[in-house]
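**Q** here is a sequence together with a model predicted from it:
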Amino acid sequence: MYSSRTWVFGSLSALVLAACSATSPPPVLQSLPQGRQITASVRADVRFGLTAAHIAASRAARGPGYERAAKTKPTLFVSDIDSDMIRLFPANQKNPTQDGSITSGIDLPVNDAVDKQGTLYVANNGNSSVTEYPLGQTSPSVTLSGGMLVFPNGIAVGKTGTVYVTSGAYAGQCYVLVYTKGKSSPKAQINGFDLPVGLALDKNGNLYVGDAIANKVWKVTKGSTTPTDLGLNGLSDPTGVAIDRNNDLWVANDQNNTALGFHLGQTSAFATITSGLQGPYSIAFGASGRLFIGNSLHYPGSVAGFKKGATSPYESISVANPAGVAVHPRPNP
């Protein structure tokens with residue numbers, strides 16, 4: 001299922017294919033042998049194999065004028081792990097210019113999500129935390145950390161503000177924590193995953209989990225803690241999952257450069273996207289039906305934008321390493 005590549009960051013070399021932390025170069029998740037502990041110590045800029053010039057250019061691109069956040073316009077939030085930053089773009093413009101950023105509280109932001117009010121939730125793999133940012137704010141109003149929350153990779157938020165976040169320090173022993181809105185301790189823990197990355201919720205509150213190492217997408221029925229394998233065909237490192245406004249499931253396959261659309265209850269895809277994809281890691285829909293896919297396999301990376309129903313991108317937004325994408329307003333409030 002995986003190819004063998006070696007990345008060097010700091011003084012460490014790691015076999016590809018991620019574990020529950022995402023501390024290696026693109027693609028965001030690399031896997032370590034099952035049972036090998038993942039540490040957060042590998043966090044220097046060189047962990048991504050980038051040159052000093054790459055890093056300097058990425059930091060310079062931020063600029064002082066980027067510390068503004070969108071309040072009412074459709075907004076695309078991109079978590080750039082190379083810059084420890086959430087980049088904000090207008091979601092209704094073609095090839096938009098970045099018009100805001102969030103850096104406070106951000107530490108290796110592997111994924112992000114938004115709720116129906118536009119509050120942004122960020123899974124910070126570097127310091128094992130989740131930070132929340134009300135719409136228009138660039139400083140966190142809430143930080144979840146400690147306990148069983150370790151090296152989060154994926155995150156989703158439900159209609160009532162319930163937060164779902166992946167966690168775990170060992171490949172093969174990962175889980176999803178469930179936090180009720182306003183609570184600092186999880187109310188539930190969903191076990192049984194090898195490397196859960198992408199999370200998404202359908203209109204009925206059922207949870208879908210992309211498991212990169214198991215090469216499966218799991219469904220967890222609302223109120224349950226037991227995952228069920230959907231048995232989907234065509235998966236290859238399914239790191240990103242999303243639900244569109246028709247309640248269809250979409251999966252980004254990092255290893256075979258595809259995004260597949262599935263009608264819930266069916267195992268064969270009704271749609272396949274390959275154009276514009278190179279290491280697709282994250283996937284999200286906006287309320288208008290536009291689809292955004294983060295390509296993280298190469299450097300610099302990009303976010304491919306697709307009009308509703310299209311299989312060829314109409315835009316490509318350059319971002320160094322777009323690990324996560326989220327759109328406000330989202331398709332299923």
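**A** Sure thing, it's come through.

**Q** need the helices for the stretch 51-200 of the chain, in chain order.
**A** For the stretch 51-200 of the chain, the helices defined by DSSP state H, counting those that start in this stretch occupy 52-60.

**Q** which residue ranges form the strands in it?
**A** 75-80, 85-90, 100-102, 109-114, 120-124, 129-133, 142-145, 155-157, 163-167, 174-179, 188-193, 196-201 (DSSP state E, counting those that start in this stretch).

**Q** so what does the third one touch, helix or strand wise?
**A** What it means is strand 100-102. The elements that strand 100-102 packs onto, with contact taken as 3 or more C-beta pairs under 8 Å, 6 or more residues apart in numbering; DSSP states H and E, are strand 85-90. No exception for glycine: its C-beta is placed from N, CA and C like everyone else's.

**Q** ok, the first one next?
**A** Where contact means 3+ C-beta pairs under 8 Å, 6+ apart, strand 75-80 is packed against strand 85-90, strand 109-114, strand 315-319, strand 322-328.

**Q** quick one: that strand to strand 109-114, angle?
**A** Using axes from the mean of the first three to the mean of the last three C-alpha atoms, to 10 degrees, the inter-axis angle of strand 75-80 relative to strand 109-114 is 160 degrees.

**Q** again, but for the last one
**A** Orientation of strand 196-201 against strand 109-114 (the same axes, to 10 degrees) gives an angle of 0 degrees.

**Q** contacts for strand 196-201 next, please.
**A** Outside of strand 196-201, the residues within contact range by C-beta atoms under 8 Å, 6 or more residues apart in numbering are 29, 111, 113, 153-158, 164-166, 168, 174-176, 207-212, 218, 238-243, 249, 251-252, 282-283, 332.

**Q** swap in the fourth one?
**A** Counting by C-beta under 8 Å, 6+ apart, the neighbours of strand 109-114 from elsewhere in the structure are 22, 28, 77, 79-81, 84-86, 120-125, 152-157, 197-199, 282, 323-328, 330.

**Q** report the distance from stretch 259-277 to the chain centre.
**A** 18 Å (C-alpha atoms, centre = their mean, to the nearest Å).

**Q** wait, stretch 157-177
**A** For stretch 157-177 - counting by C-alpha atoms, centre = their mean - the centre lies 12 Å from the chain centre.

**Q** buried residues in it?
**A** Residues of stretch 157-177 classed as buried by neighbour count (16 or more other C-beta atoms under 10 Å): 157-158, 161-177.

**Q** average pLDDT for it, rounded please.
**A** Stretch 157-177 shows an average pLDDT of 95 in the prediction.

**Q** what about Gln255, which helix or strand?
**A** For Gln255, there is no helix or strand it lies in under DSSP states H and E.
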